[in-house]
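Student: the following block contains a protein sequence and its predicted model.
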Amino acid sequence: MSQENGEQLVAIGADKTRKDKTGETSLETLVTGSVLGFPAHDGRAGALGEVHARPHALLEAPRLIIQLSFMTEGGSAVDQAVLADLSRRLGVAPPQTNARHHAMKWGKGTLRWERHTEFSSYQWDCPISPRTGKPLEESPFGNGFSPPGTAISGTRVEIRKWTGATEKLVSAFDPASLGYSVVEGGRAAVATDFRQDGDGLTRILILEKDLAPARIGALSQRLNDIETYRTLAMLGLPLAQSLSPRLRRMEDQLAALTARMRQRDRHDSQELLGELTELAAELEADAAASLYRFGASRAYHGIVEERLETLSEAPMAGYETWAAFLQRRVAPAMRTCRSVEERQANLSRKLTRAANLLRSWVDVEVERQNRDLLASMNRRAQLQLRLQQTVEGLSVAAISYYVVGLVGYVAKGAKPALPGISSEVITAAAVPVAVLCIWLLVRRIRRHHAREDASIGTEAD
């Protein structure tokens, strides 16, 4: 397959419902519609097309690749504006607004764009002079190019035939950080010093002998991915370094709070609980702010390790491999990020346990206060009951006194009808009877009220 055919595949992948010049529906539309006449799932076309969505460029030596990666804080609309401007300069149609990758011819080379989660990459390749190594076309990243965001990575990959003369190009790299190894079963060599040239680009050299264009394209893409993703992975390190002293302060503060909790005097439990809650809120805010960055760093570092493993490097005599160099420099940074994440998680668990323990103490104190309050209320109720019993006794005597007085008045009024009986005798005889009757009446009323209270308590239970 030629380079032009590969570019046509990319363009077809960007337009899933395109029709050819004869008006016939494209193959992908047929794939979306049915399978042997049966309705296809809506996501089937996307799942099948994803395998072929980003084919490797078909490259032949000598060639130059420049890839720039930009952080896209402004969203996909900024990329669409850049691509629309480039398409107008070339006189071609811009990609669809929902496209995630696109390719267009640029002179004798090709400009490829791809949108990722938080960045987008622009890659341009063109042939170079075998003698001078200078590109035969002008780069699209000139004065007319408007970047979609801040640049996070830039690479300059030079592909040459592997000869004795081109091997001398390795001497231009810094020997202190040179990674130089054999890949593709000995049919290619890759070299870089991971340093930036005057334009801020990381220089990479590929020496190949008789590699197929597709293999050259795949190899160059892996090398670009290693440089781009290892830079993105390192973005978590400054954040981890800034959070480390804050975590140390929180750990010391937690130790001081737990030391205060060990003291017997717990009158300041509410104050301690407030300080613990404030400390936990500060920790959770830091953890939430760093969650995405640390997770992205882990993912990017995983991609770098996968790409390095796919290279299957063999060291050149006297030089380090890419994997060995990055293992010594990137791995410690990733361990620092993981360490900060683990410290955040451990500190959060400790804060939760301390807060739960302190809440238990507060609950016990509240229950003790409630118990004392109930005991006080019980004592007051008992006093009220005794007072009520005293009042009831006095009320029996008072009511009996009035009843006996009424009987005395009746006896005096009936004295002419009862000449043989003295009114004083009738009054004296009425005293025990009145007292007994009033006492029985009061007792009956008390028992009736007690039964009503008991029935109300049973219904409430």
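Tutor: Happy to help now that I have it. Remember, predicted model here, so these are calculated numbers, not experimental data. Residues are numbered from 1 along each chain as shown.
Student: contacts and neighbour counts: CA atoms only from here.
Tutor: Fine.
Student: just the C-alphas of the one helix or strand Leu232 maps to, formatted as PDB.
Tutor: Taking DSSP states H and E as the definition, Leu232 sits inside helix 213-233. In PDB, the C-alpha atoms belonging to helix 213-233 read as follows (Å, rounded to 0.1, in the frame of the first residue of the first chain):
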ATOM      1  CA  PRO A 213       7.600   1.900   5.000                       C
ATOM      2  CA  ALA A 214       4.900   0.800   7.400                       C
ATOM      3  CA  ARG A 215       7.500  -0.400   9.900                       C
ATOM      4  CA  ILE A 216       9.300   2.900   9.700                       C
ATOM      5  CA  GLY A 217       6.100   4.700  10.300                       C
ATOM      6  CA  ALA A 218       5.200   2.500  13.300                       C
ATOM      7  CA  LEU A 219       8.700   2.900  14.800                       C
ATOM      8  CA  SER A 220       8.700   6.700  14.400                       C
ATOM      9  CA  GLN A 221       5.200   6.900  16.000                       C
ATOM     10  CA  ARG A 222       6.400   4.800  19.000                       C
ATOM     11  CA  LEU A 223       9.400   7.100  19.500                       C
ATOM     12  CA  ASN A 224       7.200  10.200  19.300                       C
ATOM     13  CA  ASP A 225       4.800   8.700  21.800                       C
ATOM     14  CA  ILE A 226       7.600   7.900  24.300                       C
ATOM     15  CA  GLU A 227       8.800  11.500  24.200                       C
ATOM     16  CA  THR A 228       5.300  13.100  24.400                       C
ATOM     17  CA  TYR A 229       3.900  10.800  27.100                       C
ATOM     18  CA  ARG A 230       7.000  10.800  29.300                       C
ATOM     19  CA  THR A 231       6.800  14.600  29.300                       C
ATOM     20  CA  LEU A 232       3.100  14.500  30.200                       C
ATOM     21  CA  ALA A 233       3.700  11.900  32.900                       C
END
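Student: show the average pLDDT along that helix.
Tutor: Averaged over helix 213-233, pLDDT sits at 95.
Student: for stretch 115-134, same thing?
Tutor: 89.
Student: ok, now stretch 437-448?
Tutor: On average, stretch 437-448 scores 80.
Student: repeat for stretch 164-172
Tutor: 92.
Student: report the angle between the helix or strand Glu306 falls within and helix 213-233.
Tutor: For Glu306, the element it lies in under DSSP H and E is helix 269-311. Computed by axes from the mean of the first three to the mean of the last three CA atoms, to 10 degrees, the angle separating helix 269-311 from helix 213-233 equals 160 degrees.
Student: what is the distance between helix 269-311 and the centre of its chain?
Tutor: 8 Å (CA atoms, centre = their mean, to the nearest Å).
Student: following it, which helix or strand comes up?
Tutor: With DSSP H and E setting the assignment, the helix or strand that follows helix 269-311 is strand 314-315.
Student: that next one packs against which elements?
Tutor: Helices and strands touching strand 314-315, as assessed by 3 or more CA pairs under 8 Å, 6 or more residues apart in numbering; DSSP states H and E, comprise strand 179-183.
Student: go again using 10 Å as the cut-off
Tutor: strand 179-183, helix 322-413 (3 or more CA pairs under 10 Å, 6 or more residues apart in numbering; DSSP states H and E).
Student: winner for burial among those?
Tutor: Of all the helices and strands packed on strand 314-315, strand 179-183 has the most neighbours on average by mean count of other CA atoms under 10 Å, namely a mean of 23.
Student: for that one, which helices and strands make contact with it?
Tutor: So strand 179-183, by 3+ CA pairs under 10 Å, 6+ apart, packs with strand 188-196, strand 202-208, helix 269-311, strand 314-315, helix 322-413.
Student: between these, which gets nearest to Arg63?
Tutor: With CA to CA as the criterion, Arg63 lies closest to strand 202-208 of the helices and strands packed on strand 179-183, at 9.8 Å.
Student: follow-up on the earlier one: pLDDT (mean, whole number) over the helix holding Glu306?
Tutor: 92.
Student: tell me where the stretch 51-200 of the chain has helices.
Tutor: Assigned helices in the stretch 51-200 of the chain, in chain order: 76-90, 164-167 (criterion: DSSP state H, counting those that start in this stretch).
Student: now do the residue nearest in space to the middle of the chain against Gly236, distance only.
Tutor: Closest residue to the average C-alpha location of the chain: Leu291 at 5.0 Å, with CA atoms, centre = their mean. Using CA to CA, to the nearest Å, Leu291 is found at 10 Å from Gly236.
Student: what about Ala259, neighbour count?
Tutor: Ala259 sits with 10 neighbouring residues when counted by other CA atoms under 10 Å.
Student: how about the secondary structure of it?
Tutor: The local conformation at Ala259, judged by DSSP: H, G, I helix; E, B strand; the rest coil, is helix.
Student: show the contacting residues for it.
Tutor: Counting by CA atoms under 10 Å, 6 or more residues apart in numbering, Ala259 touches Gln253.
Student: any idea how far it lies from Pro245?
Tutor: Taking CA to CA, one finds Ala259 at 21 Å from Pro245.
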